[in-house]
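Asks: Take this sequence and fold it.
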Amino acid sequence: MKIKWLFISLLLLLLGGCSNNIIENDTTITRIEMMKFAGVSPSPDEYRKQDGEIISVIKSDEKIQRIVKSIKKAKQESTENRDIALPNYLIIFKEGKNVVLTLGYYPNINNSKDKFLDISEDKMYTTKALNLIRQE
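Replies: Numbers count the residues shown, from 1 in each chain. Now for the predicted structure:
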């Protein structure tokens, strides 16, 4: 009996470790806006004020779910003790008109990965390349 509960507890722990709670399960993302800043790396003030240009909007439920699912399964690491340049892209997740989450976006790292920066939580999320930015 103890072995059974130990096995179930271990299984739940492993399954829980495969995702993060970056976006609550009861939140329905209806729109994702992609913002680009003018400079290579925006100033913290530009970043906080979201002083950039919206370059695209994703409204397709299928695309939104693919992005959200990928970020929820992303490998995460702390950025608390790191000094990193702010990305020149920002992704704004919305539920209706309400902003749910904003993440800095580093696209196509080594042509195989994307990184998302959550400055409010001091976390970096790494996913496979999602190709969210059209080549300019």
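Asks: who touches the most centrally placed residue in the chain in this structure?
Replies: Central residue of the chain (CA atoms, centre = their mean): residue 116, 4.6 Å from the mean position. Residue 116 makes contacts with 71, 74, 91, 103, 104, 105, 106, 124, 125, 126, 127, as judged by CB atoms under 8 Å, 6 or more residues apart in numbering. For the C-beta atoms, the positions are set from N, CA and C on the backbone; glycine is no exception.
Asks: now with 7 Å?
Replies: Applying CB atoms under 7 Å, 6 or more residues apart in numbering, we find residue 116 in contact with 71, 103, 104, 105, 125.
Asks: Each with direction, which strands does the strand or helix carrying it pair with?
Replies: Residue 116 is part of strand 113-118, with elements assigned from DSSP states H and E. Sheet pairing of strand 113-118 (DSSP bridges) gives strand 98-109 (antiparallel), strand 123-128 (antiparallel).
Asks: need those in CSV with mean pLDDT, distance to residue 39 and mean neighbour count, can you?
Replies: CSV is the format used below for the strands paired with strand 113-118 (pLDDT from 0 to 100; distance: least, CB to CB, whole Å; neighbours: other CB atoms under 10 Å):
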stretch, mean pLDDT, distance to residue 39, mean neighbour count
strand 98-109, 92, 14, 17
strand 123-128, 94, 21, 17
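Asks: what about these, which gets the closest to residue 67?
Replies: Set against residue 67 and scored by CB to CB, those come closest in strand 123-128, at 8.8 Å.
Asks: circling back to that earlier point, what would the strands paired with strand 113-118 look like in a markdown table with distance to residue 84?
Replies: Converted to a markdown table, the strands paired with strand 113-118 look like this (distance: least, CB to CB, whole Å):
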| stretch | distance to residue 84 |
| --- | --- |
| strand 98-109 | 9 |
| strand 123-128 | 8 |
